[in-house]
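**Q** All I have is the shape, not the residue letters:
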């Protein structure tokens, strides 16, 4: 696959924006110090393709969107005490235009995330230490006439909710909407609601962030794609309590399939690592369109024997109980814990992607406006992570065609794949 760069430029906000240092919360500074890379695939239009993905049109809309989301035009910085911050001085986001000698069918007929996709279709730049760009975008024209939009937004700045809010705004402006229509709820960048207490005190045990927990060894893995049809989903939900969420049913099935495929000892513990949106769990709540990181990691722990012998609903009930326990007191304890551990340097040193072989980490993009990314030529046919970062990690996503159900991307050790697939589809 050959990719030729046509243009590379920095796009600054189109109007004046605040020039300041943006304080980052403990959730921000302990997020993965990397850019979250996604790809959006848009097939060639069958009619009315004039100006399809005009680089100038997208660039002008990007400049407007950066006025509201001005930290994306900043750089990762550091205050006088050595704490990370965002230096908001309007330097701009990287915008690249490229051409590739491949087709959308070659790439996306059975897409799986890979380092090659990340390297070819999403801009790459150092992301761990200041200064570094907060946002990078690449529009790649394929020889079939389709387009791949690659996005890289630094995780220290925002979580998925904030990132998809930005894409909604950018794409709406590209369609010609007024700012108030493209972004009826402007983003809130103020992190002060997530400040720690003085003095800080952790009242709960937060093992999901512990270096002792993240003790897995590097293991070879392959990235797999699985479809969850409406029929399979209905079967899974029928094994759970009424009202179970799609994320709960699919994740419980993934968890059980993983335990069986890996042959875990029945007397041992297995952990499910989940991410929890805390915006509405705080008192007072964080604004719904808060742009920073407002998610925490938590662990659901059960015995392997229970996973193997009890109904699927046992695991979804355990997940629900764990999530129900995340209230204001728990979140405040977590914020203080992250600050205390960060001061020790233990969190930065933790190999966050090295899950033990007994565990699974499932990120759900359900309920997020993932496909609300119409730049004027229709919604994308596929939105997906560009790359997976560790064995035992999975994403659960809505299929672009809702009638086809859901998609799961999973990174798993290759020796366990045949058994996993047998269990996943045949129980």
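**A** On my side now, so go ahead. For clarity, every value in this text was computed on a predicted model and none was experimentally measured. Numbering: from 1, shown residues only.
**Q** Strands of the stretch 101-250 of the chain, start to end?
**A** All strands of the stretch 101-250 of the chain, identified by DSSP state E, counting those that start in this stretch, fall at 135-142, 147-154, 222-228.
**Q** Could I get those strands in JSON lines, plus columns for distance to residue 120?
**A** C-beta here means a position set from N, CA and C on the backbone, and glycine is covered the same way. Below are these laid out as JSON lines (distance: least, C-beta to C-beta, whole Å):
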{"stretch": "strand 135-142", "distance to residue 120": "8"}
{"stretch": "strand 147-154", "distance to residue 120": "8"}
{"stretch": "strand 222-228", "distance to residue 120": "16"}
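**Q** Tell me which of those strands is the most buried.
**A** With neighbours defined as mean count of other C-beta atoms under 10 Å, the strands of the stretch 101-250 of the chain peak in mean count at strand 147-154, which reaches a mean of 25.
**Q** Run through who's touching it.
**A** With C-beta atoms under 8 Å, 6 or more residues apart in numbering as the test, strand 147-154 has contacts from 34-42, 52-53, 72, 76, 100, 104, 107, 121-125, 127, 132-142, 163, 166-167, 373, 380, 386.
**Q** and what of stretch 69-89?
**A** 11-13, 17-24, 28-29, 66, 90-93, 127, 129-135, 153-154, 156-157, 166, 169, 187, 189, 291.
**Q** Among those residues, name the ones in helices.
**A** 28, 29, 66, 166, 169 (DSSP state H).
**Q** of the residues you listed, closest to residue 237?
**A** residue 166 (32.9 Å; C-beta to C-beta).
**Q** Can you name the residues that contact that closest one?
**A** Neighbouring residues of residue 166 by C-beta under 8 Å, 6+ apart: 65, 69, 72, 153, 158, 187, 291.
**Q** Repeat that for residue 386.
**A** Contacts of residue 386 (C-beta under 8 Å, 6+ apart): 37, 38, 39, 113, 114, 117, 118, 121, 122, 150.
**Q** distance of the spatially closest residue to the last one that is not a sequence neighbour from residue 91?
**A** Read that as residue 150. Nearest residue to residue 150 in three dimensions, chain neighbours excluded: residue 122, at 3.5 Å (C-beta to C-beta, 6 or more residues apart in numbering). Residue 122 sits 20 Å away from residue 91, going by C-beta to C-beta, to the nearest Å.
**Q** Which residue of these two possesses the greater neighbour count?
**A** A count of neighbours by other C-beta atoms under 10 Å puts residue 122 above the other of residue 122 and residue 91, at 24 against 16.
**Q** where does that one land on pLDDT?
**A** Note on residue 122: pLDDT of 97.
**Q** start at 22 instead
**A** Fine by me, first position is 22 from now on; the one you just mentioned is residue 143.
**Q** Could you check how far it is from residue 223?
**A** Residue 143 is 37 Å from residue 223, where distance means C-beta to C-beta.
**Q** returning to that earlier point: which ones are touching the residue nearest to residue 171?
**A** Residue 143 neighbours (C-beta under 8 Å, 6+ apart): 56, 58, 59, 60, 157, 159, 171, 172, 173, 407.
**Q** repeat that with 10 Å
**A** Contacts for residue 143 were tallied using C-beta atoms under 10 Å, 6 or more residues apart in numbering; they are 56-60, 117, 157-159, 161, 169-173, 407-408.
**Q** What of residue 437?
**A** By C-beta under 10 Å, 6+ apart, the contact list for residue 437 reads 242, 243, 278, 279, 281, 282, 283, 284, 378, 412.
**Q** and which of the residues you listed is nearest residue 425?
**A** residue 278 (20.5 Å).
**Q** for the helix or strand where that closest one lies, what is the average pLDDT?
**A** Using DSSP states H and E, residue 278 falls within helix 267-283. The pLDDT scores in helix 267-283 average 97.
**Q** Could you figure out how far that helix is turned away from strand 243-249?
**A** Helix 267-283 and strand 243-249 are oriented at 130 degrees to each other (axes from the mean of the first three to the mean of the last three C-alpha atoms, to 10 degrees).
**Q** mind checking how far helix 267-283 is from the chain centre?
**A** With C-alpha atoms, centre = their mean, to the nearest Å as the basis, helix 267-283 stands 20 Å off its chain's centre.
**Q** ranges for the helices of the chain?
**A** With DSSP H, the ranges of helices along the chain come out as 47-50, 76-89, 125-129, 136-142, 181-195, 200-203, 251-259, 267-283, 325-330, 333-345, 349-365, 367-370, 438-447.
**Q** Report the beta-bridge partner residues of the closest residue to residue 108 other than its chain neighbours.
**A** The spatial neighbour of residue 108 that comes closest, neighbours along the chain excluded (C-beta to C-beta, 6+ apart), is residue 98 at 3.7 Å. Beta-bridge pairing for residue 98 (DSSP bridges): residue 106.
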